[in-house]
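S.K.: I'll drop the sequence and a predicted model, then ask my questions.
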Amino acid sequence: MAQTEDMVQLLTPSGELATDGVAAEYLQYVEALSDEDLRGFHRDMVRSRAFDTEAENLQRQGQMALWPPNRGQEAAQVGSARAARRQDHIFPAYREHAVGMIRGLDPLKLIEMMRGNSHGGWDPAETGNFHLYTLVIGSHALHATGYAMGIGLDGKTGTGDAERDEAVIVYFGDGATSQGDVSEAFVFAASYQTPQVFFIQNNQWAISVPVSVQSRIPLYLRPRGFGIPSVQVDGNDVLASYAVSAKHLDDARAGRGPSLIEAMTYRMGAHTTSDDPTKYRTNDETESWRARDPITRFEAYLRGRGESDAFFASIAEEAADLAADVRRRTLELQAPPASVAFEHVYSEPHPVTQSQYEWLREYEASLGGDA
């Protein structure tokens with residue numbers, strides 16, 4: 001599905017700032033960014049890509065059964081994640097690696113999950129309210145909406161206190177919009193005027209099905225039929241992603257109800273490492289999007305502002321160190337004890353799971369093993 005004339009874009013593919021026609025309500029957020037904020041955007045994107053590349057390499061070398069790459073989608077993730085406040089709750093799908101890292105998630109947690117060392121049971125309270133990955137496509141849109149309903153019913157929005165008011169942002173891809181759970185989430189969000197933002201990363205392909213087959217209209221128009229306002233943004237433009245997300249999250253916290261953002265981006269790699277995109281994508285298509293690489297675009301913008309070679313070299317070195325650290329710790333991982341399967345099933349210890357674990361431990365002991 002092609003971009004529309006209404007798409008919000010602040011950086012051209014060549015990295016030039018172009019604000020003509022961009023609403024002032026979005027521009028104010030970009031104008032408030034400091035030089036350090038801008039450097040942070042670049043750092044987040046480069047670190048995320050380095051981690052993602054290393055994780056894919058580790059999978060190819062037999063260290064994981066599966067990996068979902070996010071190469072090319074860094075700007076959509078970094079911009080939106082940086083727009084969220086610490087009290088906001090984030091519901092990812094299974095490709096939001098950059099978002100998790102920004103919220104404080106140790107990236108090794110993602111390796112452990114894809115490797116089978118854990119069920120992904122990190123504690124959202126320790127990861128900046130970054131909730132668990134969801135491999136059941138679209139189902140978490142309902143989880144996020146239910147949580148947002150709770151925030152609204154508990155009076156945690158619309159108080160006017162920016163440091164206290166909360167919002168929810170839920171990420172999913174273009175393919176998930178074909179799932180009934182997403183439409184049901186729209187119904188409840190509109191009915192309860194939930195404080196949330198639906199964030200579609202339209203990476204053009206639902207595995208091997210193009211967006212043009214899934215929807216005859218741009219995806220950002222779909223929620224309007226439910227009474228939810230929406231906007232399309234250039235998902236390879238980190239400034240546009242940040243500004244639009246910040247504005248809509250502010251609206252959600254202020255009690256103005258839900259909205260949807262469709263970020264137009266591209267999945268440069270495979271859907272997952274079990275997929276072969278050369279079977280359904282052309283080289284010309286991939287190369288046309290490679291020319292719109294979000295990191296290259298933003299680096300050109302920063303260089304135009306006077307950032308030095310030394311700055312970019314230091315970020316590249318930091319990213320390489322991160323990748324090396326992830327590799328080292330992955331290779332050091334040991335098989336987890338059976339007790340891990342019983343952790344984080346409930347928020348508090350539960351007698352049923354405890355008795356199940358005790359039974360397993362006794363059974364393993366009877367066989368000469370150790371659970």
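M.R.: Received it, and whenever you're ready, just let me know what you need.
S.K.: so what touches stretch 238-248?
M.R.: 8-11, 17, 25-27, 29-30, 33, 41, 45, 74-76, 78-80, 82-84, 169, 197, 199, 231, 233-235, 259, 261, 263, 294, 298, 301 (Cβ atoms under 8 Å, 6 or more residues apart in numbering). C-beta: built from backbone N, CA, C; applies to glycine.
S.K.: how about a cut-off of 6 Å?
M.R.: With contacts defined as Cβ atoms under 6 Å, 6 or more residues apart in numbering, stretch 238-248 is touched by 8-11, 25-26, 29-30, 41, 75-76, 78-80, 82-83, 197, 231, 233-234, 259, 261, 298.
S.K.: report the buried members of those residues.
M.R.: Among the contacts of stretch 238-248, the ones that count as buried by 16 or more other Cβ atoms under 10 Å are 8-11, 26, 29-30, 41, 75-76, 78-80, 82-83, 197, 231, 233-234, 259, 261, 298.
S.K.: how about the host helix or strand of residue 310: buried residues?
M.R.: In the assignment (DSSP states H and E), residue 310 maps to helix 309-331. Neighbour counts using 16+ other Cβ under 10 Å place 311, 315, 319, 322, 323, 326, 327, 330 of helix 309-331 among the buried residues.
S.K.: name the nearest of those residues relative to residue 63.
M.R.: Nearest to residue 63 out of the buried residues of helix 309-331 is residue 330 (Cβ to Cβ; 5.6 Å).
S.K.: these two touch, right, the closest one and residue 112?
M.R.: No. The pair residue 330 / residue 112 is not scored as a contact, 8.6 Å apart, by Cβ atoms under 6 Å.
S.K.: where do the strands sit along this protein?
M.R.: For the chain, the strands defined by DSSP state E occupy 89-91, 168-173, 196-202, 205-206, 209-210, 230-234, 259-264.
S.K.: and the first one, how far out from the chain's middle?
M.R.: If you compare the mean C-alpha spot of strand 89-91 with that of the full chain, they lie 9 Å apart, counting by Cα atoms, centre = their mean, to the nearest Å.
S.K.: so what touches that strand?
M.R.: 129, 130, 131, 140, 143, 144, 147, 168, 169, 170.
S.K.: now, which of those residues sits nearest residue 159?
M.R.: Nearest to residue 159 among the contacts of strand 89-91: residue 168, at 16.2 Å, using Cβ to Cβ.
S.K.: residue ranges for the helices of this structure, please.
M.R.: For the chain, the helices defined by DSSP state H cover 24-31, 35-60, 74-83, 97-102, 108-115, 139-153, 180-192, 211-214, 238-253, 283-290, 294-304, 309-331, 351-366.
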